[in-house]
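In: have a look; sequence and predicted model below, questions after that.
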Amino acid sequence: MRVASRRSAVWVALVCAVVPMLATGCGDTGFRPLYASSALVGSDVNEKLARLEVAPIPGRVGQRLRNELIYQASGGGNMAIDPAYRLEIVMTESITATLVQIDGNSSGSVYNLNATFRLVRIADRSVALNGASYGRATFQRFDSVFSNVRARREAEDRAAKTVAEDLKSRLAAFLSGAA
């Protein structure tokens, strides 16, 4: 009987602690929904992401990454005319051979995309956030040259999308707390 009463007491204490936080939007604990409306947390994260300028990135994969970031930041809509931040990205690409056969030929590869970024506040040109993101995508090698080119291109696109999703999440988390 004592075990049951202890469990009941723990449940009552837990409910008494959690219910008031849920009723007040988690109170002063610092927890809040990332994409909440502006009525709950001040300025909306989606509005802040739309005020982001993404600097041009050289190369086909760079353009793909930039387009994906713009799409994810604006939701397919128009970006703001007066950006508050500028995102600058430098990326490096490499291929790693996998599944090496006895004769030395590789039947598979991994496309590696490494992106270092910095978020610059346009008002005072200070760096607000910097870091790195990585994308990896595998692709199969074939006898056909066209198949190899197409497989690599699809791997590049998948890696660029992975990096863009990671960067969007990191930027949203940062901008949700920034003024």
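Out: It's in. Residues are numbered from 1 along each chain as shown.
In: Gly62 and Glu156: what is the separation?
Out: From Gly62 over to Glu156 the distance is 10 Å, taken as Cβ to Cβ, to the nearest Å. All C-beta atoms are positioned from the backbone trio N, CA, C, and that covers glycine.
In: typo on my end, Gly76
Out: Applying Cβ to Cβ, the value for Gly76 to Glu156 is 22 Å.
In: quick one: which of the two has more around it?
Out: Applying other Cβ atoms under 10 Å to Gly76 and Glu156 shows that Glu156 carries more neighbours, namely 21 against 7.
In: please name the residues that touch the nearest residue to the more buried one once chain neighbours are set aside.
Out: Counting by Cβ to Cβ, 6 or more residues apart in numbering, Val61 is the residue found nearest to Glu156 once chain neighbours are left out, at 4.8 Å. Contacts for Val61 (Cβ atoms under 8 Å, 6 or more residues apart in numbering) come out as Met91, Glu93, Leu113, Glu156, Asp157, Ala159, Ala160.
In: state the pair within these that is farthest apart.
Out: Of all pairs drawn from the contacts of Val61, the greatest distance, 13.8 Å, lies between Met91 and Asp157 (Cβ to Cβ).
In: these two: who's more crowded?
Out: More crowded of Met91 and Asp157, by other Cβ under 10 Å: Met91, with 21 against 17.
In: pop out the phi and psi values for Ser176.
Out: phi -70, psi -20 (degrees, to the nearest 10).
In: could you list the low-pLDDT ranges of the chain?
Out: Along the chain, the model assigns pLDDT under 70 to residues 1-43, 178-179.
In: ranges for the strands of it?
Out: For the chain, the strands defined by DSSP state E cover 52-54, 85-100, 106-121, 126-140.
In: could you say which of those is packed most deeply?
Out: Mean neighbour count (mean count of other Cβ atoms under 10 Å) peaks for strand 52-54 among the strands of the chain, with a mean of 20.
In: mind listing the strands that strand pairs with, and their directions?
Out: With DSSP bridges as the test, strand 52-54 is paired with strand 85-100 (parallel).
In: let me see the domain layout of the protein.
Out: Following automatic domain parsing, the chain resolves into domains at 1-31, 36-177.
In: quick one on the thing from earlier: would you convert the contacts of Val61 into JSON lines that also reports distance to Val54?
Out: Below are the contacts of Val61 laid out as JSON lines (distance: Cβ to Cβ, whole Å):
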{"residue": "Met91", "distance to Val54": "13"}
{"residue": "Glu93", "distance to Val54": "18"}
{"residue": "Leu113", "distance to Val54": "16"}
{"residue": "Glu156", "distance to Val54": "18"}
{"residue": "Asp157", "distance to Val54": "17"}
{"residue": "Ala159", "distance to Val54": "17"}
{"residue": "Ala160", "distance to Val54": "13"}
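In: that's all I had, so thanks and see you.
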